[in-house]
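J.: Could you work out the structure for the sequence below:
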Amino acid sequence: KQWYQRRVAITAGGKLTAWALDGFAIYTYQDVGGLSPVVDECGGHFGPVTDDEDAEVIYHYHTRVYVPYTLACQGPALGNCNETQGSTNYCGYGCGAEVCVQPGTSETKLREYLAEWDDEWLDQYTTNDYINGASEVSLVLAYCLALFQLVRLW
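T.: Residues are numbered from 1 along each chain as shown. Next up, the predicted model:
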């Protein structure tokens with residue numbers, strides 16, 4: 001029974017843990033389906049927060065297993081996190097694009113969410129390959145980078 005309970009905890013999505021001052025939600029480390037979140041330099045991304053097929057896509061942050069543990073700046077980062085830092089830079093590695101979207105996110109749902117403010121906003125920036133999903137290599141790389149950060153800080 002304990003193994004089953006632990007397995008459920010591992011495969012469940014992150015839980016809402018706080019609200020940032022910019023109004024976006026902060027979730028725990030895991031993303032939908034128990035995956036590692038693909039986040040921008042600030043620690044956030046666009047994506048659903050439940051496994052429901054019709055789940056709304058929102059911008060939100062995730063806690064991390066390395067410094068700064070929560071957010072480094074107010075997102076979306078748009079590749080500008082370094083410019084918001086003072087003498088100590090807590091920007092993460094990001095997803096390699098100006099806008100980070102959790103792999104597997106519906107483009108239709110993403111555009112519906114962004115249309116509340118500006119339906120052409122997404123077209124102005126680069127995005128990671130969220131439609132085809134992250135390859136295992138990129139997930140392993142993200143995990144290795146997080147471990148490297150932990151060891152380096154230790």
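
J.: wait, what's in contact with Gly94?
T.: Applying C-beta atoms under 8 Å, 6 or more residues apart in numbering to Gly94 gives the contacts Val39, Asp40, Glu41, Ala77, Gly79, Cys81, Cys100. For glycine as for every other residue, the C-beta is placed from the backbone atoms N, C-alpha and C.

J.: Was I right to think the third one contacts Pro76?
T.: No - with contact defined as C-beta atoms under 8 Å, Glu41 does not count as touching Pro76 (9.5 Å).

J.: Looking at the two, which is more packed in?
T.: In this view Glu41 and Pro76 are compared by other C-beta atoms under 10 Å, and Glu41 has more residues nearby, 27 against 22.

J.: do you know how far the more buried one is from Arg111?
T.: 23 Å (C-beta to C-beta, to the nearest Å).

J.: do the same with Gly104
T.: Noted for Gly104: a distance of 16 Å to Arg111, by C-beta to C-beta.
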